[in-house]
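can you look at this prediction? I've put the sequence above it.
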Amino acid sequence: MESKSPTAFHDEYIMGRTSEEYQRLRKQAQAFEPATRRVLQQIGLCEGMRCLDMGCGPGEVMRLMGEFVGPSGTVTGLDCDSRLGNAAIEVLRATQQSRFQFIECDLESVDEIEGQPFDVTYARLVLIHVRDPLAALRKMYAWTKPGGYIVVQDFDMRTIDLYPRLEAWAELERVVFGVFERTGKDTRIGYKLPAYFAEAGLGAPDGTDVTGFLMSLQQASPMFLAVYRSLLPKALELGITTEEDSELFFRAIEEAVEEGRYYSMFRPLLIGVWKRKPA
């Protein structure tokens, strides 16, 4: 199925839609794959099932789902970014055996989609970007067939930290938390997901999963610097930082990495929550 014409929507994605950001998303997906694989195993995703990946981005979760459901299964990706979604589908169809489809639309402005209901309706790092997470959860639940699962993974960012502290680290915190908070994004949404399931009328979740990432500054710096770069245009637009401060930040991190001293860096928690829809 080819992507449909987009409907008008307000783009809530604050990280930018650049080639550099797309590459960052692919690398991030590789880091998160073990946690997502574990959750999909927990819910019993298997051969022949039909899945929906909401906010499918570069298609890495679609590929993983395709491994589980095999040639007899179907994986549908939904995203408002047609350039990224169509590129992902082209690669998946050429390299994987499962059946892949892509729907271009805005999650918050559509009520029904082709192929519903699904055995598994999934979203990773999507609810943090929407204006009404409870409405999004209700929509996902409606698109899930009786006996199927709704699965969400999202961030709790309060664990972001570095020890020993670098003076320049305050710049990263100022940009990351400043942009997210000034644009109305909840940096602790992962922690709230179980309660959100209940508040949305889905009931208490059947299971949860928490994944943390603790590593050296040398290991972590490529990813958090890429996050900083993606957020920088918005941070400059909002007056949260300046070009001069950002250049000082990049220089300070580069020097700390080259220094060779060990710094322990804690990345955001990735929290997974799932619920089976009564048969």
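Nice, I can see it. A quick note: this is a predicted structure, and the numbers were derived from the prediction, not measured.

ok, the strand ranked longest in the chain: who's next to it in the sheet?
With residue count as the measure and DSSP state E as the assignment, the chain has strand 144-156 as its longest strand. Pairing partners of strand 144-156, with direction, according to DSSP bridges: strand 118-124 (parallel), strand 269-276 (antiparallel).

mind listing what's buried in the following helix or strand past that strand?
Sequence-wise, the next helix or strand beyond strand 144-156 is strand 161-163, with elements assigned using DSSP states H and E. Counting neighbours by 16 or more other Cβ atoms under 10 Å, one finds that the buried residues in strand 161-163 are L162. C-beta coordinates here come from the backbone N, C-alpha and C atoms, glycine included.

contacts for strand 161-163, please.
For strand 161-163, the external contacting residues (Cβ atoms under 8 Å, 6 or more residues apart in numbering) are W169, L217, Y263, S264, M265, F266.

surely the second one is in contact with E255?
So that's L217. No - the criterion here is Cβ atoms under 8 Å, and L217 misses it with E255 at 11.2 Å.

more neighbours, these two?
Counting neighbours by other Cβ atoms under 10 Å for L217 and for E255 shows that L217 has the greater number, 21 against 11.

coming back round to it: looking at the contacts of strand 161-163, which are in strands?
Per DSSP E, the subset of these in strands is S264, M265, F266.

so which of those is the closest to S19?
Minimum separation from S19 among the ones in strands among the contacts of strand 161-163 (Cβ to Cβ) is found for M265, which lies at 26.0 Å.

give the bridge partners for the closest one, please.
According to DSSP bridges, the residues that bridge with M265 are L162, M215.

who's in contact with L231?
With Cβ under 8 Å, 6+ apart as the criterion, the residues that contact L231 are I14, M15, V175, V176, V179.
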